[in-house]
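Novice: Everything below, folded, please.
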Amino acid sequence: MSTQQVVSPLPGTFYRRPSPESPPFKEDGDAVAVGDVIGLVEVMKNFQEVVAEVAGSAIRFVIDDSDAIMAGQLIAEIDP
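Specialist: Residues are numbered from 1 along each chain as shown. Modelled structure (predicted):
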């Protein structure tokens with residue numbers, strides 16, 4: 001199996017945590033299950049969850065918390 005890519009569903013700002021004082025949804029190296037929330041994309045004060053569509057043994061984020069992103073931009077890779 002190959003590495004699965006997680007891309008942004010829309011343009012906006014990517015957040016790895018639900019609030020500034022909360023821990024991240026997932027850290028680099030964490031296992032991921034189908035349906036796990038891995039982050040949020042904020043557009044004009046509306047937040048959309050980014051959900052893993054595949055399970056994997058480890059996740060690697062390629063962008064940082066609070067980075068601006070475009071629709072279709074790579075957010076993370078999930079190892080099988």
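
Novice: thought Asp67 was touching Phe14?
Specialist: Yes. Distance between Asp67 and Phe14: 5.4 Å, which falls inside the contact criterion (C-beta atoms under 8 Å). For glycine as for every other residue, the C-beta is placed from the backbone atoms N, C-alpha and C.

Novice: Same drill for those two, tell me which one is more crowded.
Specialist: Neighbours around Asp67 and Phe14, counted as other C-beta atoms under 10 Å, are more numerous at Phe14. The numbers are 22 against 14.

Novice: what's the helix or strand for Ile75?
Specialist: Applying DSSP states H and E as the criterion places Ile75 in strand 74-79.

Novice: my bad, should have said Val41
Specialist: With elements delineated by DSSP H and E, Val41 resides in strand 37-43, which encompasses its position.

Novice: Would you list the phi and psi of the closest residue in space to Gly35 that isn't next to it in sequence?
Specialist: Counting by C-beta to C-beta, 6 or more residues apart in numbering, Val51 is the residue found nearest to Gly35 once chain neighbours are left out, at 5.9 Å. Here the main-chain torsion angles of Val51 (degrees, to the nearest 10) amount to phi -110, psi 140.

Novice: pretty sure Val51 contacts Ala33?
Specialist: No. Val51 is not in contact with Ala33 according to C-beta under 8 Å; the separation is 10.3 Å.

Novice: Which of those two has more residues huddled nearby?
Specialist: When neighbours are counted by other C-beta under 10 Å, Val51 and Ala33 differ, and Val51 comes out ahead with 15 against 9.

Novice: Residues in a beta bridge with that one, which ones?
Specialist: According to DSSP bridges, the residues that bridge with Val51 are Val37.
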